[in-house]
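Novice: Predicted model and sequence follow; I will ask about them next.
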Amino acid sequence: MMRKRMYIHGEFTESKSGCWFPVYDPSTEEVIAEVPDGNAEDIDKAAKAARAAFDGGAWPQTSGQERGRILFRLAERIRKDAPALAELESRNGGKPIVEAEYDIADAANCFEYYGGWATKISGSVNPVPDNALSLSIKEPVGVAGQIVPWNYPLLMAAWKLAPALAAGCTCVLKPAEQTPLSILEVAEYFNEAGFPPGVINIVTGMGESAGAPLVAHPDVDKIAFTGSNAVGKAILKSAADSIKRVTMELGGKSPNIFFEDADFESAIDGALFGVFINQGEVCSAGSRLLVQKSIYSKFVEAMAAKAKTINVGPPLDRANKMGPLVSKEQYERVRSYQEIGKGEAKLVSGGGRPVHLERGYFVEPTIFADVDNSARIAREEIFGPVASVIPFENEADAIRIANDTPFGLAAAVWSRDIYRALRAVKAIRAGIVWVNHMQPTFVEAPWGGFKQSGYGRELGPWGVEEYLETKQVHINLNEQPIGWY
């Protein structure tokens with residue numbers, strides 16, 4: 001069993017308390033590592049290190065070219081060790097190895113992309129009526145506190161660290177307590193890549209004892225959070241005390257809409273992929289499947305039949321498309337929703353755990369049909385492989401049901417009629433809308449939600465903008481006195 005220490009001011013260290021907590025392999029339920037149980041003292045040390053690195057100019061005064069080179073070196077180092085990182089992340093989080101490999105590649109791409117952005121942050125000249133030169137310049141926000149979830153551990157860390165570092169911010173990152181191993185492994189590369197001490201700090205610990213002190217710390221200027229709606233609301237309340245800038249992505253209950261003219265085979269694949277990828281532990285999962293009544297029975301039958309062919313098992317076996325859920329707590333949560341669904345709708349596939357797997361937090365891909373949009377399984381984020389299939393009459397009915405949710409992260413529309421598809425795109429209240437596909441995203445495009453799915457955007461130029469302040473500079477060009485007296 002390995003022990004991984006947290007990373008503060010360029011050094012690996014234990015927690016001030018000397019306490020550790022276990023990290024599990026969810027496919028075997030065995031402890032595979034221990035990491036420091038960080039608390040407010042460790043957060044204070046990390047925040048002060050980040051503050052000193054920012055205020056002392058070690059990072060914000062580093063040229064954009066040099067910041068970019070360092071991010072490029074980190075990206076290449078991740079690529080070099082990608083197979084080992086993918087295996088580590090698969091073992092720690094239960095993610096199928098093929099998906100983990102894609103995630104590690106995307107994390108490297110993210111650091112590389114924002115390495116390019118480091119030299120492209122610019123201001124503007126404002127046209128003003130006075131004899132003056134008016135400028136708008138961009139400056140880094142300062143110290144960024146970043147809290148990432150367990151479903152895409154290294155990729156979500158990259159989404160937050162990379163734009164912040166490109167902007168010239170320094171960072172304190174708290175990984176999810178369930179899945180800290182891949183980012184702690186990548187921390188081994190930080191010094192080699194050339195990051196000055198204090199620029200990146202990683203504190204492991206629980207939400208209450210490490211995450212909450214990070215949000216409240218006076219040296220932290222901004223919080224970026226991805227996670228649950230309940231925790232997001234608590235973060236907002238705490239951050240209000242010091243008027244911190246906050247961006248957050250809080251998940252959703254995304255509609256995946258299938259019109260009668262959709263390509264049928266592609267639609268079935270898209271329905272299954274949209275909700276069962278990564279065991280359904282996806283914030284944008286298309287867990288509400290809206291199917292037009294004229295194809296409803298055929299669609300449900302075909303989807304249920306194909307779901308039964310999905311291989312569930314140990315994530316390092318490339319034949320398996322679904323691994324275990326991340327933890328016992330998440331397993332029990334999803335199992336409870338499977339039981340709730342049995343009382344609210346018609347179970348057509350799955351509904352329990354695979355009988356051939358005695359150990360591990362595995363659940364079957366589960367499909368409920370004839371679901372009413374008011375049902376709990378249609379309104380609450382389950383974060384597991386549970387699909388709710390909802391019939392609709394026509395386009396207006398589909399849009400009404402799609403928007404009848406407190407969330408607004410993502411949606412998808414399947415139709416051969418481009419006019420219908422584009423009408424739906426305009427009408428749906430969501431930050432990401434796919435047409436004839438679901439789940440792909442790219443570092444060049446914005447990611448974020450409407451309504452209770454949060455606010456702010458990650459990725460693309462929008463991601464780096466979230467870590468920048470805009471300063472006005474006014475230069476008087478008149479030589480004579482102002483003449484106020």
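Specialist: That came through fine. Numbering: from 1, shown residues only.

Novice: Give me the phi and psi for the most centrally placed residue in the chain.
Specialist: For the chain, the residue nearest the mean C-alpha position is Met156 (4.8 Å; Cα atoms, centre = their mean). Phi and psi for Met156, reported as degrees, to the nearest 10, are phi -70, psi -30.

Novice: What is the neighbour count of the closest residue to it other than its chain neighbours?
Specialist: Nearest residue to Met156, sequence neighbours excluded (Cβ to Cβ, 6 or more residues apart in numbering): Val148, at 4.1 Å. The C-beta positions use only the backbone N, C-alpha and C, and glycine is treated the same way. Val148 has 26 neighbours, counted by other Cβ atoms under 10 Å.

Novice: what's the answer for Gln439, then?
Specialist: For Gln439, using other Cβ under 10 Å, the count is 20.

Novice: same deal with Glu479?
Specialist: Around Glu479 there are 6 residues (other Cβ under 10 Å).

Novice: Contacts only, for Ile399.
Specialist: Applying Cβ atoms under 8 Å, 6 or more residues apart in numbering to Ile399 gives the contacts 424, 427-428.

Novice: what do you get for Thr247?
Specialist: 222-225, 448, 454-458, 466.

Novice: Turn those residues into JSON lines, columns for distance to Ala46 and secondary structure.
Specialist: Below are the contacts of Thr247 laid out as JSON lines (distance: Cβ to Cβ, whole Å; DSSP: H, G, I helix; E, B strand; the rest coil):
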{"residue": "Lys222", "distance to Ala46": "15", "secondary structure": "strand"}
{"residue": "Ile223", "distance to Ala46": "14", "secondary structure": "strand"}
{"residue": "Ala224", "distance to Ala46": "15", "secondary structure": "strand"}
{"residue": "Phe225", "distance to Ala46": "17", "secondary structure": "strand"}
{"residue": "Gly448", "distance to Ala46": "26", "secondary structure": "coil"}
{"residue": "Gly454", "distance to Ala46": "25", "secondary structure": "strand"}
{"residue": "Tyr455", "distance to Ala46": "26", "secondary structure": "strand"}
{"residue": "Gly456", "distance to Ala46": "23", "secondary structure": "coil"}
{"residue": "Arg457", "distance to Ala46": "26", "secondary structure": "coil"}
{"residue": "Glu458", "distance to Ala46": "22", "secondary structure": "strand"}
{"residue": "Glu466", "distance to Ala46": "21", "secondary structure": "coil"}
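
Novice: Out of those, which end up buried?
Specialist: 222-225, 448, 454-458, 466 (16 or more other Cβ atoms under 10 Å).

Novice: Between those residues, which sits nearest Asp37?
Specialist: Phe225 (20.7 Å; Cβ to Cβ).

Novice: Make sure the closest one is actually in contact with Met248.
Specialist: Yes. If you go by Cβ atoms under 8 Å, Phe225 and Met248 touch, sitting 4.4 Å apart.

Novice: Can you lay out the buried ones among the contacts of Thr247 as CSV showing distance to His356 and pLDDT?
Specialist: Shown next, in CSV, are the buried ones among the contacts of Thr247 (distance: Cβ to Cβ, whole Å; pLDDT from 0 to 100):
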residue, distance to His356, pLDDT
Lys222, 47, 98
Ile223, 44, 98
Ala224, 41, 98
Phe225, 38, 98
Gly448, 40, 98
Gly454, 39, 97
Tyr455, 44, 95
Gly456, 43, 97
Arg457, 43, 98
Glu458, 39, 98
Glu466, 46, 98
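
Novice: Low-confidence bits of the stretch 51-200 of the chain, can you list those?
Specialist: Within the stretch 51-200 of the chain, no stretch falls below the threshold (pLDDT under 70).
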